[in-house]
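>>> Dropping a prediction and its sequence here:
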Amino acid sequence: MLHHTRIRLAATAAVAVAAMALTACGAGSGDEIVDKPKATASAKADSGSDKEPAAEKSSAAPDVAKVGDTLGLKGMEPGSELDVTVLKVVDNAKSSDEFFAPESGNRWIGVQFQLVNTGTKVYSDAPMNGAKMADDQGQQFGTMIADITAGPSMSSDVRLKPGGKALGWIVFEVPKASKAATVTFGMDSGFAEQIGEWKL
């Protein structure tokens, strides 16, 4: 009986080690937060070797993405990729519809996103489904369908062939007392493993 128990324990340990190895390799590791912006190319191309170190230094990406930065994100399917840029943020955004406004005690924050299909597949999604905002307390807020005076809203049905672009505002409703800290975006309505994050 003791011999059988030892065999079972050894088998259980082997399964546990195999599971840890799979996790270490990235299988089922969950969401990956992408907050390192793409390096920007140097403004001037120079063939002189004495200029190369300076060009490399100027193209280094900042540590954390902020407004104006572009993040390269991947979707769930191979060939599904976007360059996503948070271009502008308007706190306390005004409604362009006089009959529609934030609920009492809340305000709207508009975020202008630019999406560029850098993959080999057609991108088809409702971008607002993949966007979220968080305040400095860690509370998360989803998006809402609203038009603001800052500019046109992001379409709720975006289809981009490779190389195609989409530009528009996505609106979040947050409490007036909340301090917005980050905005995130994920492909495939937020179900992709890579999630882009920008500090506000």
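In hand now; what should we look at? Numbers count the residues shown, from 1 in each chain.
>>> Under the pLDDT cut-off, which ranges of the chain? List them.
Along the chain, the model assigns pLDDT under 70 to residues 1-30, 39-62.
>>> domain ranges for it?
Using automatic domain parsing, the domain parsing of the chain gives 1-30, 31-199.
>>> got TSV for the ones you listed, with mean neighbour count too?
In short, each C-beta sits where N, CA and C put it, glycine included. TSV is the format used below for the domains of the chain (neighbours: other CB atoms under 10 Å):
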stretch	mean neighbour count
domain 1-30	9
domain 31-199	16
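>>> isn't Gly130 right next to Gly196, touching?
No: using CB atoms under 8 Å, Gly130 is not in contact with Gly196, being 9.3 Å away.
>>> who touches both of those two?
Both Gly130 and Gly196 are contacted by 185-186, under the criterion CB atoms under 8 Å, 6 or more residues apart in numbering.
>>> Can you show me the strands along the chain?
Using DSSP state E, the strands of the chain run over 32-34, 70-74, 81-91, 106-117, 123-125, 131-135, 140-141, 143-144, 158-160, 165-175, 180-186, 194-199.
>>> Need those in a markdown table (columns: distance to Phe99).
Below are those laid out as a markdown table (distance: least, CB to CB, whole Å):
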| stretch | distance to Phe99 |
| --- | --- |
| strand 32-34 | 39 |
| strand 70-74 | 36 |
| strand 81-91 | 20 |
| strand 106-117 | 15 |
| strand 123-125 | 29 |
| strand 131-135 | 25 |
| strand 140-141 | 23 |
| strand 143-144 | 15 |
| strand 158-160 | 27 |
| strand 165-175 | 16 |
| strand 180-186 | 26 |
| strand 194-199 | 32 |
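>>> Quick one: closest of these to Val64.
Closest approach to Val64 among the strands of the chain (CB to CB): strand 194-199, 5.5 Å.
>>> What residue, apart from its backbone neighbours, is nearest Gly190 spatially?
Nearest residue to Gly190 in three dimensions, chain neighbours excluded: Gly130, at 3.9 Å (CB to CB, 6 or more residues apart in numbering).
>>> One more: Thr182?
Nearest to Thr182 is Ala134, by CB to CB, 6+ apart, at 5.0 Å.
>>> Show me the beta-bridge partners of the one you found.
Taking DSSP bridges, one obtains Gln140, Thr182 as the residues bridged to Ala134.
>>> and it, what does it touch?
Ala134 makes contact with 140-141, 180-184, according to CB under 8 Å, 6+ apart.
>>> same deal with Gly110?
Residues counted as contacts of Gly110 (CB under 8 Å, 6+ apart) are 88-90, 93, 148, 150, 169-172.
>>> Switch these over to TSV; also include distance to Phe113.
Listed next are these as TSV, based on distance: CB to CB, whole Å:
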residue	distance to Phe113
Lys88	9
Val89	10
Val90	13
Ala93	14
Ile148	13
Ala150	12
Trp169	8
Ile170	6
Val171	11
Phe172	12
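>>> Report the separation between the nearest residue to Ser95 once chain neighbours are set aside and Lys199.
Leaving aside its chain neighbours, Ser95 sits nearest to Ala101 (5.1 Å; criterion: CB to CB, 6+ apart). In this view, Ala101 and Lys199 are 28 Å apart by CB to CB, to the nearest Å.
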